[in-house]
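> Need coordinates for the below:
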Amino acid sequence: MPKFVTIGYGTREGYDRTPIAVRNAAHAHDAKLRKDGVSMGIAGKPVQVRNPDAAGVVTEDGPFMRPPLPVAGFAIVEAADLAEAVDMVSRTPCAVAHGVVEVWPLELP
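Residues are numbered from 1 along each chain as shown. Next up, the predicted model:
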């Protein structure tokens, strides 16, 4: 079954202005996804890694890309197709709380 990487973006402000019943339903939806085998988690602090010409590793704290909304979390989902993956994440907290969720097809060899 195809796999998809999802990236959720959102702010506390957007979350807080979302009705509590909608937030609770979104968290229940996430719990069901996890129960069904979706691997998901909250984003920690990123570290950039570079190793130009394999001559030495250089790290830098912080994200490489700085989107308008901060990264909130990630998931790996299995779905029959992109439409099903979109449907799966459309009811998650970032999607319903004034954030956004990107869905990236994971192309495995």
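> drop to CA atoms for contacts and neighbour counts, all remaining ones
OK.
> Next, work out how far apart residue 22 and residue 46 are.
29 Å (C-alpha to C-alpha, to the nearest Å).
> If you count surrounding residues, which of these two has more?
Per other C-alpha atoms under 10 Å, whichever of residue 22 and residue 46 has more neighbours is residue 22, with 16 against 12.
> wait, is that one part of a helix?
Yes - with DSSP: H, G, I helix; E, B strand; the rest coil as the criterion, residue 22 is located in a helix.
> what are the phi and psi values for the most far-flung residue of the chain relative to its centre?
For the chain, the largest distance from the centre (C-alpha atoms, centre = their mean) belongs to residue 55, which lies 32.4 Å off. Taking degrees, to the nearest 10, you get phi -100, psi 0 for the backbone angles of residue 55.
> Now do the strands in the chain.
Ranges of strands within the chain are 3-9, 39-42, 47-50, 58-61, 71-78, 100-106, based on DSSP state E.
> Of all the ones you listed, which one comes closest to residue 18?
Across the strands of the chain, residue 18 has its closest neighbour in strand 100-106 (13.7 Å, C-alpha to C-alpha).
> Quick one: list the elements packing against that closest one.
Secondary-structure packing of strand 100-106 (3 or more C-alpha pairs under 8 Å, 6 or more residues apart in numbering; DSSP states H and E): strand 3-9, helix 82-89, helix 93-96.
> That one vs strand 3-9, what angle?
Put simply, strand 100-106 runs at 160 degrees to strand 3-9, going by axes from the mean of the first three to the mean of the last three C-alpha atoms, to 10 degrees.
> picking that back up, the strands of the chain into TSV, with extra columns for mean pLDDT?
Compiled in TSV, the strands of the chain are given as follows (pLDDT from 0 to 100):
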stretch	mean pLDDT
strand 3-9	97
strand 39-42	94
strand 47-50	97
strand 58-61	97
strand 71-78	96
strand 100-106	97
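> Give me the distance from stretch 39-59 to the chain's centre.
17 Å (C-alpha atoms, centre = their mean, to the nearest Å).
> No more questions from me, cheers.
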